[in-house]
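K.L.:
Below is the sequence, then the predicted model.
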Amino acid sequence: MKITRWFVLHMFVAALGMEVAAAGGSPPRILLTSGLAGAVGSTVGPDGALYVTEGAVGQVTRVDPRTGAKTTFASGLPPSIVGFGGAIDVAFIGRTAYVLVTLVGPDVGGSNVVGIYRVNGPTSVTPIADIGAFALQHPPTTQFDVPTGLQFAFEPYLQGFLVTDGHHNRVLYVRLDGRISVFRQFGNIVPTGLSIAGVGVLIAEAGAVPHRPQDGKVVLLLPHFNGSIELASGAPLLVDVELGRGGRLYALSQGLFPAGAPPATPALPNTGSLVQAQWNGTFRTVAEELDVPTSVEFIEDNAYVVTLNGEIWKIKLDERH
């Protein structure tokens with residue numbers, strides 16, 4: 001039987017109770033908080049609060065999703081040294097937090113472990129997996145400039161984590177005991193955000209520079225299937241993918257890539273958008289004119305968009321979104 005996008009999306013949606021909403025107007029948004037330093041990754045913690053990485057200062061900050069109040073959750077992580085990187089994403093297994101740290105190794109002028117750190121306490125962290133060392137010993141099949149890679153996002157998976165490396169064009173499987181293996185190697189598609197959906201793995205693809213809209217895709221990886229199944233495409237420089245309210249499939253577009261800019265350059269200001277996958281394999285824009293968004297989380301009827309300039313925007317969704 002030929003596997004078509006429509007068939008996969010239909011079965012995927014049915015299994016997860018996912019909905020595809022009718023078109024509606026732009027939802028209201030409010031600035032929840034600002035002043036975060038180099039904010040990129042985020043997650044919803046076991047207490048229902050938002051946790052956001054601040055790569056510029058090497059910490060994770062807890063943000064109350066109702067009031068926007070900020071408190072330092074963990075510090076002492078390696079800060080960014082090249083203007084991007086450091087603590088780039090955060091995730092929980094149970095009540096234990098882990099932080100993904102990138103671009104801090106000797107190949108970029110640093111001296112810290114590139115990999116996953118466990119948070120032991122407010123000022124204590126321990127590296128549990130050296131992804132940089134693994135990358136040096138097992139280089140990717142695609143071309144690269146940074147030997148230790150540029151890891152972008154991670155999610156708990158089985159007995160460890162899945163980790164995207166947008167520079168090495170692959171997803172790694174990292175066990176809690178530090179063992180690392182290549183989960184999936186891609187061509188030059190620049191995997192960024194990811195989300196676990198039942199037995200499936202959702203991956204956001206930014207596409208190669210210049211990150212054209214047609215190269216911005218969400219794909220589905222399934223066990224025992226070596227390929228990837230495209231679910232939706234058509235938004236430039238995708239950086240995150242999430243299942244929102246009602247199981248709806250959303251992606252976050254950072255926006256238009258500056259003409260002639262080198263890789264890893266942020267999108268142009270105020271060109272980002274939150275988009276939703278449609279049955280026909282396209283995206284519908286839910287919220288636009290976002291300023292260099294980097295990640296999105298969903299709590300009840302709200303989307304929380306983190307931006308590189310240190311803001312979190314709360315977007316109120318309704319039955320149309």
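P.N.:
Structure received.

K.L.:
remind me which residues of this protein are low pLDDT?
P.N.:
Counting by pLDDT under 70, the low-confidence segments of the chain come to 1-25, 319-321.

K.L.:
and the most centrally placed residue in it, what is it in contact with?
P.N.:
Nearest to the mean C-alpha position of the chain, by Cα atoms, centre = their mean, lies residue 193 at 2.9 Å. With Cβ atoms under 8 Å, 6 or more residues apart in numbering as the criterion, the residues that contact residue 193 are 152-153, 164, 203-204, 238-242, 251-252, 295. Any C-beta I mention is one placed from the backbone N, CA and C, and that applies to glycine too.

K.L.:
residue contacts, the residue lying closest to residue 80 once chain neighbours are set aside?
P.N.:
Leaving aside its sequence neighbours, residue 80 sits nearest to residue 86 (Cβ to Cβ, 6 or more residues apart in numbering; 3.6 Å). Contacts for residue 86 (Cβ under 8 Å, 6+ apart) come out as 38, 53, 55-56, 58, 77-80, 101-104.

K.L.:
Just put these in a markdown table and tack on secondary structure, neighbour count and distance to residue 129.
P.N.:
Output for the contacts of residue 86, formatted as a markdown table (DSSP: H, G, I helix; E, B strand; the rest coil; neighbours: other Cβ atoms under 10 Å; distance: Cβ to Cβ, whole Å):
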| residue | secondary structure | neighbour count | distance to residue 129 |
| --- | --- | --- | --- |
| 38 | coil | 23 | 22 |
| 53 | strand | 31 | 17 |
| 55 | coil | 30 | 18 |
| 56 | coil | 19 | 23 |
| 58 | coil | 23 | 18 |
| 77 | coil | 25 | 14 |
| 78 | coil | 24 | 14 |
| 79 | coil | 20 | 20 |
| 80 | coil | 24 | 19 |
| 101 | strand | 30 | 10 |
| 102 | strand | 30 | 12 |
| 103 | coil | 28 | 16 |
| 104 | coil | 28 | 14 |
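
K.L.:
Of the residues you listed, just say which sits nearest to residue 178.
P.N.:
Set against residue 178, the nearest of the contacts of residue 86 by Cβ to Cβ is residue 101 (14.3 Å).

K.L.:
So that closest one is in contact with residue 90, correct?
P.N.:
No. With contact defined as Cβ atoms under 8 Å, residue 101 does not reach residue 90; the gap is 10.4 Å.

K.L.:
hmm, back to that, just the closest of the contacts of residue 86 to residue 66, please.
P.N.:
Taking Cβ to Cβ as the measure, residue 66 lies nearest residue 53 of those, at 21.1 Å.

K.L.:
separation between the closest one and residue 288?
P.N.:
Here the distance between residue 53 and residue 288 works out to 25 Å (Cβ to Cβ, to the nearest Å).

K.L.:
Residue 48 now?
P.N.:
For residue 48, the distance to residue 288 (Cβ to Cβ) stands at 28 Å.

K.L.:
Which one's more surrounded, those two?
P.N.:
Ranked by neighbour count (other Cβ atoms under 10 Å), residue 48 and residue 288 place residue 288 first, with 14 against 11.

K.L.:
coming back round to it: is the residue nearest to the centre of the chain in a helix, a strand, or coil?
P.N.:
What DSSP: H, G, I helix; E, B strand; the rest coil gives for residue 193 is strand.

K.L.:
Leaving out the residues flanking it, which one is nearest to it?
P.N.:
Closest to residue 193 by Cβ to Cβ, 6+ apart is residue 240, at 3.4 Å.

K.L.:
do the same with residue 311
P.N.:
According to Cβ to Cβ, 6+ apart, the nearest residue to residue 311 is residue 34 (4.6 Å).

K.L.:
Then residue 93?
P.N.:
Leaving aside its chain neighbours, residue 93 sits nearest to residue 156 (5.1 Å; criterion: Cβ to Cβ, 6+ apart).

K.L.:
Which other helices and strands does the helix or strand containing that neighbour contact?
P.N.:
Using DSSP states H and E, the element containing residue 156 is strand 151-157. Here strand 151-157 touches strand 86-93, strand 96-102, strand 160-165, strand 170-175, strand 191-197, going by 3 or more Cβ pairs under 8 Å, 6 or more residues apart in numbering; DSSP states H and E.
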